[in-house]
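In: Next come a sequence and a model predicted from it.
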Amino acid sequence: MHSTSRSLFSLVFLASISLSLAVETGRWRYGSISWSRAEATSRRVTIHVESAWRLSHQSIVVAGTQDPVTQVGQVFKVLATDGQDPLFNYDGGEITARFDVEVVRIDPSQDLVVGKSEFDWEYSGDGPYTAELTLCCRVAENQNANRGVKISTMVDLSGGSLGSPAITMIPRVNLDASSGVTKKFLVPAAPRLGMMDPLTWSLHDSYWGVLFGTRPNATMVQGIVSHTGVISIDITSYRDGWKEDMQMLVQVAQGGSTSMVDFIVHVQPPAGNVPHLTLIAPPAPHPLAAATTDEVLGLEPAVAFEGFPISFSVRGEDADLNDHVFFEFTSLPSGLAPQPRFENNPSTQVLRWTPMTEHVGKHWVCAVAVDIDPSAPCAACTPANGETSCVPSCPEQRRSSPLCLLLDVMANNPPTFALPAVTDRHIRVEMNQLLVLVVLAEDANWVDQVSLKASNAHPMGSAVVRTPGEPGRVTFTWRPGPRFGGFDQQVCFEASDSGVGGGAVQSSEMCLRIEVYSCRWLVDRGDSLSSIAAHFGSNYVQMWSLNPGMESPDDSLRPGDSVNVGHLYKVRETDNLRYLSVQFATTRGTLELLNYGAIDKELGDKDALTDLAGNTSASSPTLAQATCPKWHDGDRTLLLFFLESSLPHLLSSPLPASLHIPIFLSPPLGFGAMALRDPALSWLYYKTRLLVLHPPRCLYLALEPDAFWDTLFDMGIVEAKYSCVAPGSLRAGDIGRMKGGRYRQLVGSAGTHLNNSLSY
């Protein structure tokens, strides 16, 4: 049926209702309507209707029987009254008269039954559609007595909406006219799970008219706050005498969808005592820590977690000590159970709940304090003068205005890592640098205690120190030693929650990537070139040659300085360990020491390093790719001498008759040195310490100043200080063991620096 036909049908139906007003006392008290769907791409939706009815009305009977409703869980079918069925229109070409209601609450003292209904429908497009419920008739004791009912929800399937806001209320809101001018109450609405758009409340006026009655008096209804749903009512006119109850319609919008609620406002005359209601938040360790309020929206939302219990309380007190105080609640989520009351006046009732996965989302719970037992029945009545129903006489009672608490149920997710920050989880350090990291894991669920542990093998020498009283916080410390140059691995931690209260234990993992720079050592207090060199099987002259920024190997080192202890070499596919050992005058053990984990223990010395090809690896500390230290004219004296001698660490084959070797001296005479630039020599020692580095290879002779000069004069090498000249070419095959020796001086032309510009 098309929408135009549907509208005509509704008008005919409601016109028929108006003819029956004389014989109907009404049954409808309250209703809310909304919709939801399971997936953002689905066009199959569920329309949700919560409704409240006169319990004693002859049409409210258990489905399939003529028995009255007596307990929660029963289902009643809303039967026709005066021959008129309720109609539900999906606005998709379909109308149904089926209206089954599952009972969720019974209040005999108000002649009230509350239930829920669901209508499933699959739409052909994204809409928007207006799903609408019309029926007869409102209860007699309000301004629109026996008028028709019409509530609707707008279904907008575009934009990925999962539904319209859910609304649940106390069917009849009671206000106290004994004092004050303005009374406030809340229309509680909660967004569907996953919906982030803000909610907007408004008074709905479009349905009022001949068939549905008149809107509330504008002088009494001061308005509704659009972003909170708080309504203000001026109650001063009620002090002059009894007034009829107001019928109100409120619409709540989110995105392109809307929900609606239809309820009664009853202003109690200024006579007798109205119980005072206090709302008490969940106790510690909950963050709200049993905070109390008697104000509308006086408490922050109470966060709860799936699988973990939560409790909160209501407290009622009546100035008439002879009255007992009881409580009425809105329809509660499944499993949320009020406990037995404590005392009678004042009276306290605790509500306990362990929400489950299906409860994740927001839920309003509203309460009212009342000075009569809700189970006290109303006195039955007998219809007279041809009436189809009558209104029973219910016990006199005074009720507080409702107060509401929003329960925000969250998924019980695994712990999360707060420290180190995500941007700080790739860490680069030098050898000997002390790394101190605080690792902190947190769980949004304050009841679910977090514990931390290492989840993989941490590097040797590292430590995880726990923080007393904080099981979710540890401190990771590590000072990488000399064998960790080139280390590049993950250090991982696992955070687990406790699963307290029946919740499943959950865990999460966080990994830090830690890199240790190759060939770099961070100076600590007491370090010297000699002590650093000892870690790598080297000596202080080698260390000095690797750090051209140092004027002299005698320069002191400061804590925090960075010292080069080796060189980087880009591996080729044809390289093997034997070649690299020979090329850089080192050993396999040294290469393994300088390149943490890069060299497979099973790899043969002559196996090609194909897996490392293109990678930059550390070579022996004897590899010098930087230039030799520069010596400034005026401070350094450069000499060239001719050497024939027996040197114990030359390779093989005879040494040529003459060998040109550039040397340099280093006054002021705190240190004397000779430098040999040569593409073939390995380790050489003469008297004390004589060292060659590859290329550019610098030969250093370390002697005490006096001993150095004495040696040169004894050899007949030095009679005066000469400047350096470029020596002739020297070939690798020219070097060999030499027996016996003599020294002769050569004189050449001047040169200012000994560096890579020299030729051989």
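Out: Everything's here; your move. Numbers count the residues shown, from 1 in each chain.

In: Just name the shakiest helix or strand of the chain by mean pLDDT.
Out: strand 743-745 (a mean of 24; mean pLDDT, DSSP states H and E).

In: mind checking the SS state of residue 593?
Out: Under DSSP: H, G, I helix; E, B strand; the rest coil, residue 593 falls in the helix class.

In: From residue 580, how far out is it?
Out: Distance, residue 593 to residue 580, using CB to CB, to the nearest Å: 13 Å. Every C-beta, even on glycine, is put in place using the N, C-alpha and C of the backbone.

In: just the helices in this protein please.
Out: For the chain, the helices defined by DSSP state H cover 3-18, 529-535, 540-545, 577-583, 588-594, 705-714.

In: so where is the stretch 1-150 of the chain shaky, pLDDT-wise?
Out: Where the stretch 1-150 of the chain drops to pLDDT under 70, the residues are 1-24, 80-84, 92-93.

In: And the strands in it?
Out: For the stretch 1-150 of the chain, the strands defined by DSSP state E, counting those that start in this stretch cover 28-36, 44-54, 60-62, 75-78, 87-89, 95-96, 100-107, 112-122, 129-136, 148-155.

In: is it possible to export the ones you listed to a markdown table including distance to residue 419 and mean neighbour count?
Out: Shown next, in a markdown table, are the strands of the stretch 1-150 of the chain (distance: least, CB to CB, whole Å; neighbours: other CB atoms under 10 Å):
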| stretch | distance to residue 419 | mean neighbour count |
| --- | --- | --- |
| strand 28-36 | 39 | 25 |
| strand 44-54 | 44 | 22 |
| strand 60-62 | 60 | 18 |
| strand 75-78 | 55 | 20 |
| strand 87-89 | 55 | 21 |
| strand 95-96 | 58 | 15 |
| strand 100-107 | 47 | 18 |
| strand 112-122 | 46 | 19 |
| strand 129-136 | 50 | 24 |
| strand 148-155 | 46 | 24 |
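
In: Same list (these) but as TSV, adding distance to residue 380.
Out: Formatted as TSV, the strands of the stretch 1-150 of the chain follow (distance: least, CB to CB, whole Å):
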stretch	distance to residue 380
strand 28-36	18
strand 44-54	12
strand 60-62	14
strand 75-78	19
strand 87-89	31
strand 95-96	33
strand 100-107	16
strand 112-122	15
strand 129-136	23
strand 148-155	25
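
In: Do a quick rundown of the strands in the stretch 501-650 of the chain.
Out: Along the stretch 501-650 of the chain, the segments classed as strands by DSSP E, counting those that start in this stretch run 507-522, 562-564, 567-570, 616-619, 638-643.

In: In terms of mean pLDDT, which of those strands ranks lowest?
Out: Of all these, mean pLDDT reaches its minimum on strand 638-643 (a mean of 26).

In: Figure out which of the strands of the stretch 1-150 of the chain is closest to residue 238.
Out: Nearest to residue 238, of all these, is strand 28-36, at 20.3 Å by CB to CB.

In: Show me what the closest one is packed against.
Out: strand 44-54, strand 129-136, strand 148-155, strand 166-167, strand 257-268 (3 or more CB pairs under 8 Å, 6 or more residues apart in numbering; DSSP states H and E).

In: and the shortest one, what's its mean pLDDT?
Out: For strand 166-167, the mean per-residue pLDDT is 96.

In: Relative to that strand, what are the paired strands and their orientations?
Out: Next to strand 166-167 in the sheet, as set by DSSP bridges, lie strand 189-190 (antiparallel).

In: Mind listing residues that contact the partner strand?
Out: 165-167, 199, 201, 229, 252, 259, 261, 361-364, 406 (CB atoms under 8 Å, 6 or more residues apart in numbering).

In: make it 7 Å
Out: 165, 166, 167, 199, 229, 252, 259, 362, 363, 364 (CB atoms under 7 Å, 6 or more residues apart in numbering).

In: so can I have a markdown table of the residues you listed showing neighbour count and distance to residue 548?
Out: Below are those laid out as a markdown table (neighbours: other CB atoms under 10 Å; distance: CB to CB, whole Å):
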| residue | neighbour count | distance to residue 548 |
| --- | --- | --- |
| 165 | 28 | 72 |
| 166 | 23 | 74 |
| 167 | 26 | 78 |
| 199 | 19 | 69 |
| 229 | 25 | 75 |
| 252 | 29 | 75 |
| 259 | 26 | 77 |
| 362 | 20 | 67 |
| 363 | 23 | 71 |
| 364 | 22 | 74 |
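
In: what's the closest of the strands of the stretch 1-150 of the chain to residue 572?
Out: strand 44-54 (64.3 Å).

In: The closest one: how far from the chain's middle?
Out: Relative to its chain's centre, strand 44-54 lies at 36 Å (CA atoms, centre = their mean, to the nearest Å).

In: Strand 129-136 and that strand, what's the angle between them?
Out: If you take axes from the mean of the first three to the mean of the last three CA atoms, to 10 degrees, strand 44-54 sits at 20 degrees to strand 129-136.

In: one step back: same list, the helices and strands packed on strand 28-36, but as CSV with distance to residue 462 please.
Out: Shown next, in CSV, are the helices and strands packed on strand 28-36 (distance: least, CB to CB, whole Å):
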stretch, distance to residue 462
strand 44-54, 55
strand 129-136, 63
strand 148-155, 59
strand 166-167, 52
strand 257-268, 55
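
In: In space, what's closest to residue 119 - neighbours in sequence excluded?
Out: Closest residue to residue 119 apart from its sequence neighbours, by CB to CB, 6 or more residues apart in numbering: residue 47 at 4.1 Å.

In: So that neighbour is in contact with residue 131, correct?
Out: Yes - using CB atoms under 7 Å, residue 47 is in contact with residue 131, at 5.1 Å.

In: Quick check: neighbours shared by the two?
Out: With CB under 7 Å, 6+ apart, residue 47 and residue 131 have common neighbours 35, 153.

In: Let me know the closest of the contacts of strand 189-190 to residue 532.
Out: Closest to residue 532 out of those is residue 362 (62.7 Å), distances taken as CB to CB.

In: With residue 78 as the reference, measure out to that closest one.
Out: In terms of CB to CB, residue 362 sits 29 Å off from residue 78.

In: got it, and residue 557?
Out: Separation of residue 557 from residue 78 (CB to CB): 91 Å.

In: where's the residue nearest the centre of the chain relative to residue 450, distance?
Out: When CA atoms, centre = their mean is applied to the chain, the residue found nearest the centroid is residue 416 (6.4 Å). Distance, residue 416 to residue 450, by CB to CB: 9 Å.

In: which neighbours do those two share?
Out: Joint contacts of residue 416 and residue 450 (CB under 7 Å, 6+ apart) are 441, 442.

In: what about the stretch 251-400 of the chain, any weak spots by pLDDT?
Out: 386-388.

In: which residues in it form strands?
Out: All strands of the stretch 251-400 of the chain, identified by DSSP E, counting those that start in this stretch, fall at 257-268, 276-280, 292-293, 302-305, 310-317, 326-329, 337-338, 347-353, 361-370.

In: What residues does residue 513 make contact with?
Out: Residue 513 makes contacts with 425, 426, 490, as judged by CB under 7 Å, 6+ apart.

In: One more: residue 166?
Out: Residue 166 neighbours (CB under 7 Å, 6+ apart): 34, 189, 190, 192.

In: Dig out what the nearest residue to the first one once chain neighbours are set aside forms beta bridges with.
Out: Spelled out, it's residue 34. Of all residues not flanking residue 34 in the chain, residue 259 sits nearest, at 3.9 Å (CB to CB, 6+ apart). Judged by DSSP bridges, the bridge partners of residue 259 are residue 252.

In: What of the one 5 residues further on?
Out: Beta-bridge partners for residue 264, by DSSP bridges, are residue 172, residue 247.

In: and it, how many residues sit next to it?
Out: Applying other CB atoms under 10 Å, we find 24 other residues in the vicinity of residue 264.

In: Residue 26 is in contact with that one, correct?
Out: No - the criterion here is CB under 7 Å, and residue 264 misses it with residue 26 at 11.4 Å.

In: Point out where the stretch 501-650 of the chain drops to low pLDDT.
Out: Checking the stretch 501-650 of the chain against pLDDT under 70 turns up 501-503, 616-650.
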